[in-house]
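*Asks:* Attaching a predicted model along with its sequence, questions to come.
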Amino acid sequence: MTTTVPATARKPATMAQALTRALHDAMAEDPAVHVMGEDVGALGGVFRVTDGLAEKFGDDRCSDTPLAEAGILGTAVGMAMYGLRPVVEMQFDAFAYPAFEQLVSHVAKMRNRTRGALPMPLTIRIPYGGGIGGVEHHSDSSEAYYLATPGLQVVTPATVEDAYGLLRAAIASDDPVVFLEPKRLYWSKADWSPEAPAQVAPLGRAAIRRRGADATLITYGPSLPVCMEAAEAARAEGWDLEVIDLRSLMPFDDETVCASVRRTGRAVVVHEAHGFGGPGGEIAARITERCFHHLEAPVLRVAGFDIPYPPPMLERHHLPGVDRILDTVARLQWESDWIDGRGE
(Lines give C-alpha, C1' and ligand atoms only; values in the text may rest on other atoms or scores of the structure.)
Protein backbone atom coordinates (compact mmCIF):
# COMPACT_ATOMS: atom_id res chain seq x y z
CA MET A 1 0.00 0.00 0.00
CA THR A 2 1.67 3.22 -1.18
CA THR A 3 0.49 6.80 -0.97
CA THR A 4 2.23 9.84 -2.43
CA VAL A 5 2.46 12.58 0.17
CA PRO A 6 3.12 16.23 -0.82
CA ALA A 7 6.22 17.61 0.87
CA THR A 8 4.12 20.37 2.40
CA ALA A 9 1.93 17.77 4.12
CA ARG A 10 4.88 16.28 5.96
CA LYS A 11 5.89 17.57 9.37
CA PRO A 12 8.15 16.40 12.17
CA ALA A 13 6.80 13.36 14.01
CA THR A 14 8.35 11.04 16.58
CA MET A 15 8.53 7.28 16.41
CA ALA A 16 6.16 7.10 19.40
CA GLN A 17 3.61 9.21 17.51
CA ALA A 18 3.90 6.98 14.46
CA LEU A 19 3.28 3.89 16.60
CA THR A 20 0.26 5.55 18.20
CA ARG A 21 -1.14 6.38 14.78
CA ALA A 22 -0.58 2.80 13.60
CA LEU A 23 -2.55 1.45 16.55
CA HIS A 24 -5.29 4.05 16.03
CA ASP A 25 -5.65 3.28 12.33
CA ALA A 26 -5.68 -0.48 12.85
CA MET A 27 -8.35 -0.19 15.55
CA ALA A 28 -10.43 2.17 13.40
CA GLU A 29 -10.31 -0.15 10.40
CA ASP A 30 -10.88 -3.46 12.20
CA PRO A 31 -13.06 -3.85 15.32
CA ALA A 32 -11.26 -7.13 16.03
CA VAL A 33 -8.10 -5.24 17.01
CA HIS A 34 -7.82 -4.92 20.80
CA VAL A 35 -4.94 -3.33 22.74
CA MET A 36 -4.12 -4.59 26.22
CA GLY A 37 -1.37 -4.29 28.80
CA GLU A 38 -0.24 -2.63 32.01
CA ASP A 39 -1.22 1.06 32.13
CA VAL A 40 -2.09 1.24 28.42
CA GLY A 41 -5.54 2.71 29.09
CA ALA A 42 -5.98 5.86 31.16
CA LEU A 43 -2.24 6.52 31.45
CA GLY A 44 -1.52 5.85 27.78
CA GLY A 45 1.42 3.56 28.52
CA VAL A 46 4.74 4.31 30.18
CA PHE A 47 6.04 5.76 26.90
CA ARG A 48 2.60 7.20 25.99
CA VAL A 49 2.35 5.08 22.85
CA THR A 50 -1.28 4.17 23.60
CA ASP A 51 -2.23 7.71 24.60
CA GLY A 52 -5.82 8.55 23.67
CA LEU A 53 -6.82 5.08 22.47
CA ALA A 54 -9.02 4.24 25.46
CA GLU A 55 -10.77 7.59 25.16
CA LYS A 56 -11.36 7.04 21.44
CA PHE A 57 -12.28 3.35 21.37
CA GLY A 58 -13.38 2.63 24.95
CA ASP A 59 -11.70 0.67 27.69
CA ASP A 60 -13.11 -2.59 26.35
CA ARG A 61 -10.81 -2.27 23.33
CA CYS A 62 -7.85 -0.57 25.05
CA SER A 63 -7.71 -2.40 28.35
CA ASP A 64 -5.57 -2.07 31.44
CA THR A 65 -4.48 -5.41 32.87
CA PRO A 66 -3.06 -6.67 36.16
CA LEU A 67 0.70 -6.87 36.55
CA ALA A 68 0.79 -10.48 35.38
CA GLU A 69 2.53 -10.91 32.04
CA ALA A 70 1.81 -14.65 31.76
CA GLY A 71 -1.86 -13.91 32.33
CA ILE A 72 -1.86 -11.06 29.81
CA LEU A 73 -0.37 -13.17 27.06
CA GLY A 74 -2.44 -16.23 27.95
CA THR A 75 -5.61 -14.13 27.68
CA ALA A 76 -4.43 -12.79 24.31
CA VAL A 77 -3.93 -16.34 23.02
CA GLY A 78 -7.56 -17.13 23.82
CA MET A 79 -8.70 -13.91 22.16
CA ALA A 80 -6.75 -14.72 18.99
CA MET A 81 -8.16 -18.25 18.92
CA TYR A 82 -11.67 -16.77 18.89
CA GLY A 83 -11.03 -14.43 15.98
CA LEU A 84 -9.79 -11.22 17.60
CA ARG A 85 -6.50 -9.48 16.83
CA PRO A 86 -4.99 -8.62 20.21
CA VAL A 87 -2.02 -6.26 20.49
CA VAL A 88 -0.25 -6.84 23.79
CA GLU A 89 2.18 -4.38 25.35
CA MET A 90 4.90 -5.71 27.63
CA GLN A 91 5.95 -2.63 29.59
CA PHE A 92 9.71 -3.28 29.42
CA ASP A 93 11.89 -5.87 27.72
CA ALA A 94 12.81 -7.85 30.84
CA PHE A 95 9.23 -7.67 32.14
CA ALA A 96 8.23 -9.99 29.28
CA TYR A 97 10.11 -12.96 30.68
CA PRO A 98 7.28 -14.23 32.92
CA ALA A 99 5.21 -14.64 29.74
CA PHE A 100 7.90 -16.63 27.96
CA GLU A 101 6.31 -20.02 28.68
CA GLN A 102 3.07 -18.88 27.06
CA LEU A 103 5.03 -17.57 24.10
CA VAL A 104 7.03 -20.75 23.49
CA SER A 105 4.43 -23.36 24.38
CA HIS A 106 1.32 -21.82 22.84
CA VAL A 107 1.80 -18.63 20.81
CA ALA A 108 4.58 -20.02 18.62
CA LYS A 109 3.13 -23.51 18.25
CA MET A 110 -0.63 -23.03 17.88
CA ARG A 111 -0.81 -22.77 14.10
CA ASN A 112 1.52 -25.71 13.60
CA ARG A 113 -0.29 -27.71 16.28
CA THR A 114 -3.58 -27.32 14.39
CA ARG A 115 -1.99 -28.00 10.96
CA GLY A 116 -2.70 -24.45 9.90
CA ALA A 117 -6.39 -24.53 10.80
CA LEU A 118 -6.08 -22.02 13.63
CA PRO A 119 -4.24 -18.76 12.90
CA MET A 120 -2.63 -16.77 15.69
CA PRO A 121 -3.02 -13.05 14.77
CA LEU A 122 -1.28 -11.75 17.87
CA THR A 123 1.17 -8.84 18.11
CA ILE A 124 3.39 -8.53 21.17
CA ARG A 125 4.89 -5.06 21.54
CA ILE A 126 8.08 -4.97 23.61
CA PRO A 127 10.09 -1.78 24.29
CA TYR A 128 13.71 -2.97 24.27
CA GLY A 129 17.33 -1.93 24.31
CA GLY A 130 19.43 0.62 26.16
CA GLY A 131 20.50 4.20 25.72
CA ILE A 132 17.98 5.76 28.12
CA GLY A 133 19.88 5.39 31.38
CA GLY A 134 17.57 2.62 32.57
CA VAL A 135 18.47 0.29 35.40
CA GLU A 136 18.56 -3.50 35.29
CA HIS A 137 15.36 -5.07 33.88
CA HIS A 138 14.73 -1.94 31.80
CA SER A 139 17.38 -2.13 29.06
CA ASP A 140 17.66 -5.73 27.87
CA SER A 141 18.15 -6.70 24.24
CA SER A 142 16.27 -10.00 24.30
CA GLU A 143 15.79 -10.60 20.59
CA ALA A 144 17.90 -13.78 20.57
CA TYR A 145 15.36 -15.55 22.78
CA TYR A 146 12.57 -14.90 20.28
CA LEU A 147 14.71 -15.76 17.27
CA ALA A 148 15.43 -19.13 18.89
CA THR A 149 11.69 -19.90 18.95
CA PRO A 150 10.38 -21.28 15.62
CA GLY A 151 6.90 -20.03 14.77
CA LEU A 152 7.47 -16.39 15.69
CA GLN A 153 8.05 -13.41 13.43
CA VAL A 154 10.40 -10.85 14.96
CA VAL A 155 10.56 -7.27 13.65
CA THR A 156 12.00 -3.97 14.86
CA PRO A 157 11.71 -0.50 13.33
CA ALA A 158 14.54 2.01 13.21
CA THR A 159 12.75 4.91 11.49
CA VAL A 160 9.55 6.85 12.08
CA GLU A 161 8.04 5.66 8.81
CA ASP A 162 8.83 2.00 9.51
CA ALA A 163 7.40 2.28 13.02
CA TYR A 164 4.03 2.92 11.41
CA GLY A 165 4.39 0.55 8.48
CA LEU A 166 5.83 -2.45 10.29
CA LEU A 167 3.29 -2.23 13.12
CA ARG A 168 0.42 -2.10 10.64
CA ALA A 169 1.86 -5.14 8.86
CA ALA A 170 2.36 -6.98 12.15
CA ILE A 171 -1.23 -6.43 13.27
CA ALA A 172 -2.51 -7.59 9.87
CA SER A 173 -0.45 -10.81 9.99
CA ASP A 174 -2.20 -14.09 10.81
CA ASP A 175 0.99 -15.31 12.48
CA PRO A 176 2.29 -14.08 15.84
CA VAL A 177 4.71 -11.16 15.68
CA VAL A 178 7.11 -10.04 18.39
CA PHE A 179 7.37 -6.31 17.71
CA LEU A 180 10.49 -4.88 19.33
CA GLU A 181 10.41 -1.12 19.83
CA PRO A 182 13.81 0.56 20.45
CA LYS A 183 13.23 2.73 23.50
CA ARG A 184 15.94 5.27 22.74
CA LEU A 185 14.35 5.98 19.34
CA TYR A 186 10.85 6.73 20.67
CA TRP A 187 11.67 10.45 20.55
CA SER A 188 13.59 10.40 17.25
CA LYS A 189 11.95 12.62 14.65
CA ALA A 190 11.45 12.64 10.90
CA ASP A 191 9.32 14.52 8.42
CA TRP A 192 6.32 12.25 8.08
CA SER A 193 2.62 12.67 7.56
CA PRO A 194 0.33 10.71 9.88
CA GLU A 195 -2.59 11.79 7.70
CA ALA A 196 -1.17 9.98 4.69
CA PRO A 197 1.53 7.49 5.75
CA ALA A 198 3.94 6.92 2.89
CA GLN A 199 4.27 3.16 3.03
CA VAL A 200 3.19 0.05 4.88
CA ALA A 201 6.44 -1.91 5.00
CA PRO A 202 6.30 -5.64 4.24
CA LEU A 203 7.53 -8.09 6.83
CA GLY A 204 10.68 -9.93 5.86
CA ARG A 205 12.31 -7.19 3.75
CA ALA A 206 15.46 -5.29 4.71
CA ALA A 207 16.20 -1.73 3.58
CA ILE A 208 19.46 -0.30 2.27
CA ARG A 209 19.83 2.98 4.15
CA ARG A 210 23.16 3.99 2.60
CA ARG A 211 24.91 2.77 -0.53
CA GLY A 212 28.60 1.93 -0.36
CA ALA A 213 31.28 -0.11 -2.08
CA ASP A 214 33.93 -1.13 0.48
CA ALA A 215 32.07 -2.98 3.26
CA THR A 216 28.53 -3.64 4.50
CA LEU A 217 27.30 -2.72 7.97
CA ILE A 218 24.32 -4.91 8.86
CA THR A 219 22.20 -3.68 11.74
CA TYR A 220 18.69 -3.06 13.04
CA GLY A 221 16.65 -1.06 15.53
CA PRO A 222 18.57 1.19 17.94
CA SER A 223 21.94 0.60 16.26
CA LEU A 224 20.94 2.04 12.88
CA PRO A 225 21.65 5.72 13.76
CA VAL A 226 25.04 4.71 15.18
CA CYS A 227 25.92 2.83 11.99
CA MET A 228 24.85 5.76 9.84
CA GLU A 229 27.09 8.07 11.89
CA ALA A 230 29.96 5.60 11.63
CA ALA A 231 29.52 5.36 7.86
CA GLU A 232 29.80 9.13 7.55
CA ALA A 233 32.87 9.21 9.81
CA ALA A 234 34.47 6.40 7.76
CA ARG A 235 34.60 8.66 4.72
CA ALA A 236 37.48 10.54 6.35
CA GLU A 237 39.39 7.24 6.48
CA GLY A 238 38.68 6.50 2.82
CA TRP A 239 36.04 3.85 3.47
CA ASP A 240 32.73 3.84 1.60
CA LEU A 241 30.33 1.82 3.76
CA GLU A 242 26.94 0.41 2.85
CA VAL A 243 24.37 0.26 5.67
CA ILE A 244 21.55 -2.27 5.77
CA ASP A 245 18.62 -1.97 8.19
CA LEU A 246 17.28 -5.51 8.61
CA ARG A 247 13.87 -4.34 9.95
CA SER A 248 12.78 -7.98 10.09
CA LEU A 249 14.95 -10.47 11.99
CA MET A 250 12.58 -13.34 11.26
CA PRO A 251 11.79 -13.86 8.44
CA PHE A 252 15.32 -12.88 7.43
CA ASP A 253 16.03 -11.14 4.13
CA ASP A 254 18.94 -13.22 2.82
CA GLU A 255 18.50 -11.79 -0.66
CA THR A 256 19.19 -8.14 0.21
CA VAL A 257 21.95 -8.90 2.71
CA CYS A 258 23.83 -11.35 0.51
CA ALA A 259 23.55 -9.18 -2.61
CA SER A 260 25.20 -6.36 -0.68
CA VAL A 261 27.98 -8.51 0.79
CA ARG A 262 28.74 -10.03 -2.59
CA ARG A 263 29.23 -6.50 -3.95
CA THR A 264 31.41 -5.20 -1.11
CA GLY A 265 33.21 -8.41 -0.10
CA ARG A 266 33.22 -7.46 3.58
CA ALA A 267 30.61 -7.38 6.35
CA VAL A 268 30.22 -6.21 9.94
CA VAL A 269 27.14 -7.02 12.02
CA VAL A 270 26.25 -4.42 14.65
CA HIS A 271 23.74 -4.81 17.49
CA GLU A 272 23.26 -4.00 21.18
CA ALA A 273 22.58 -7.60 22.23
CA HIS A 274 25.39 -9.67 23.72
CA GLY A 275 27.89 -11.18 21.31
CA PHE A 276 28.05 -14.83 22.41
CA GLY A 277 24.80 -16.48 21.36
CA GLY A 278 23.48 -13.19 20.01
CA PRO A 279 21.79 -12.58 16.64
CA GLY A 280 25.08 -11.55 15.03
CA GLY A 281 26.44 -15.09 15.19
CA GLU A 282 23.54 -16.48 13.16
CA ILE A 283 23.70 -13.60 10.69
CA ALA A 284 27.46 -14.09 10.23
CA ALA A 285 26.94 -17.83 9.68
CA ARG A 286 24.26 -17.22 7.04
CA ILE A 287 26.50 -14.76 5.20
CA THR A 288 29.47 -17.10 5.33
CA GLU A 289 27.44 -20.05 4.01
CA ARG A 290 25.96 -18.05 1.13
CA CYS A 291 28.77 -15.64 0.25
CA PHE A 292 31.96 -17.51 1.12
CA HIS A 293 33.66 -17.15 -2.26
CA HIS A 294 32.92 -13.42 -2.36
CA LEU A 295 34.31 -12.62 1.10
CA GLU A 296 37.68 -10.84 1.30
CA ALA A 297 37.72 -11.05 5.11
CA PRO A 298 35.83 -12.89 7.88
CA VAL A 299 32.47 -11.50 8.91
CA LEU A 300 33.05 -9.46 12.08
CA ARG A 301 30.68 -8.34 14.85
CA VAL A 302 30.28 -5.31 17.09
CA ALA A 303 27.96 -6.11 19.98
CA GLY A 304 27.18 -5.50 23.61
CA PHE A 305 29.50 -7.23 26.03
CA ASP A 306 28.69 -10.67 27.42
CA ILE A 307 27.51 -9.35 30.78
CA PRO A 308 24.17 -8.46 32.38
CA TYR A 309 23.19 -4.93 31.41
CA PRO A 310 25.43 -2.51 33.33
CA PRO A 311 24.43 0.45 35.53
CA PRO A 312 23.42 3.64 33.68
CA MET A 313 26.79 5.35 34.19
CA LEU A 314 28.52 2.53 32.29
CA GLU A 315 26.12 1.89 29.42
CA ARG A 316 27.99 4.19 27.01
CA HIS A 317 30.94 1.78 27.30
CA HIS A 318 28.70 -1.27 26.86
CA LEU A 319 26.74 -0.18 23.78
CA PRO A 320 28.34 -0.29 20.31
CA GLY A 321 29.58 3.17 19.36
CA VAL A 322 31.15 4.85 16.37
CA ASP A 323 34.73 4.23 17.54
CA ARG A 324 34.18 0.50 18.07
CA ILE A 325 32.55 0.20 14.65
CA LEU A 326 35.38 2.07 12.92
CA ASP A 327 38.00 -0.04 14.72
CA THR A 328 36.25 -3.16 13.47
CA VAL A 329 36.06 -1.81 9.92
CA ALA A 330 39.81 -1.17 10.09
CA ARG A 331 40.29 -4.80 11.10
CA LEU A 332 38.54 -5.83 7.89
CA GLN A 333 41.39 -4.31 5.86
CA TRP A 334 43.99 -6.04 8.04
CA GLU A 335 42.16 -9.36 7.65
CA SER A 336 41.98 -8.84 3.87
CA ASP A 337 45.72 -8.12 3.68
CA TRP A 338 46.48 -11.17 5.84
CA ILE A 339 44.39 -13.44 3.61
CA ASP A 340 46.13 -12.01 0.52
CA GLY A 341 49.53 -12.61 2.14
CA ARG A 342 50.31 -8.92 2.54
CA GLY A 343 49.80 -8.73 6.33
CA GLU A 344 52.75 -8.58 8.67
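*Replies:* Looks like it came in fine.

*Asks:* Mind jotting down where the strands sit in the chain?
*Replies:* Secondary structure of the chain by DSSP state E: the strands cover 11-14, 33-37, 62-64, 85-89, 123-128, 153-155, 177-182, 189-192, 207-210, 215-219, 241-245, 248-250, 267-274, 300-304.

*Asks:* Specify the angle between the fourth one and strand 123-128 in degrees.
*Replies:* Right, the one you point to is strand 85-89. With axes from the mean of the first three to the mean of the last three Cα atoms, to 10 degrees as the basis, strand 85-89 and strand 123-128 are set at 20 degrees to each other.

*Asks:* hmm, back to that, distance to M228 and mean pLDDT for the strands of the chain - can I get that in CSV?
*Replies:* Every residue, glycine included, has its C-beta placed from N, CA and C. Listed next are the strands of the chain as CSV, based on distance: least, Cβ to Cβ, whole Å; pLDDT from 0 to 100:
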stretch, distance to M228, mean pLDDT
strand 11-14, 18, 90
strand 33-37, 32, 98
strand 62-64, 35, 96
strand 85-89, 28, 98
strand 123-128, 20, 97
strand 153-155, 20, 98
strand 177-182, 14, 98
strand 189-192, 13, 90
strand 207-210, 6, 97
strand 215-219, 9, 98
strand 241-245, 6, 98
strand 248-250, 19, 97
strand 267-274, 11, 97
strand 300-304, 14, 97
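
*Asks:* okay, now the closest residue in space to F95 that isn't next to it in sequence: neighbour count?
*Replies:* With Cβ to Cβ, 6 or more residues apart in numbering as the criterion, F95 has its nearest non-adjacent residue at 6.1 Å, and that residue is E69. By the criterion of other Cβ atoms under 10 Å, E69 has 22 neighbours.

*Asks:* Just to check, E69 is in contact with F92?
*Replies:* No: if you go by Cβ atoms under 8 Å, E69 and F92 don't touch, sitting 10.3 Å apart.

*Asks:* Now the common contact residues for the two.
*Replies:* In terms of Cβ atoms under 8 Å, 6 or more residues apart in numbering, E69 and F92 are not both contacted by any residue.

*Asks:* what's near enough to touch T114?
*Replies:* Taking Cβ under 8 Å, 6+ apart as the definition, T114 has no contacts.

*Asks:* T256 too?
*Replies:* 205-208, 244.

*Asks:* Let's see if you can find the most crowded of these.
*Replies:* Using other Cβ under 10 Å as the neighbour test, the contacts of T256 are led by I244, with 25 neighbours.

*Asks:* where are the low-confidence patches of the stretch 1-150 of the chain?
*Replies:* 1-9 (pLDDT under 70).

*Asks:* So which of the contacts of T256 is the closest to S142?
*Replies:* A206 (21.0 Å; Cβ to Cβ).

*Asks:* any idea how far the closest one is from K11?
*Replies:* In this view, A206 and K11 are 28 Å apart by Cβ to Cβ, to the nearest Å.

*Asks:* So what are the structural domains in this protein, by residue number?
*Replies:* What automatic domain parsing lists as the domains of the chain is 10-192, 207-339.

*Asks:* Contacts only, for the nearest residue to Y128 once chain neighbours are set aside.
*Replies:* For Y128, ignoring the flanking residues on the chain, the nearest one in space by Cβ to Cβ, 6+ apart is D93 at 4.0 Å. Contacts for D93 (Cβ under 8 Å, 6+ apart) come out as 126-129, 138-142.

*Asks:* Serialize those residues to JSON lines and add fields for distance to D25 and neighbour count.
*Replies:* Formatted as JSON lines, the contacts of D93 follow (distance: Cβ to Cβ, whole Å; neighbours: other Cβ atoms under 10 Å):
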{"residue": "I126", "distance to D25": "21", "neighbour count": "26"}
{"residue": "P127", "distance to D25": "20", "neighbour count": "26"}
{"residue": "Y128", "distance to D25": "23", "neighbour count": "28"}
{"residue": "G129", "distance to D25": "25", "neighbour count": "29"}
{"residue": "H138", "distance to D25": "29", "neighbour count": "20"}
{"residue": "S139", "distance to D25": "30", "neighbour count": "28"}
{"residue": "D140", "distance to D25": "30", "neighbour count": "25"}
{"residue": "S141", "distance to D25": "29", "neighbour count": "25"}
{"residue": "S142", "distance to D25": "28", "neighbour count": "18"}
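
*Asks:* if we take those residues, which one ends up nearest to V178?
*Replies:* If you rank those by distance to V178 using Cβ to Cβ, I126 comes first, at 6.5 Å.

*Asks:* what's the distance between the closest residue to the closest one other than its chain neighbours and P150?
*Replies:* Nearest residue to I126 in three dimensions, chain neighbours excluded: M90, at 4.7 Å (Cβ to Cβ, 6+ apart). Counting by Cβ to Cβ, the gap from M90 to P150 is 21 Å.

*Asks:* which of the two has more neighbours?
*Replies:* Neighbour count, other Cβ under 10 Å: between M90 and P150, M90 has more, with 22 against 10.
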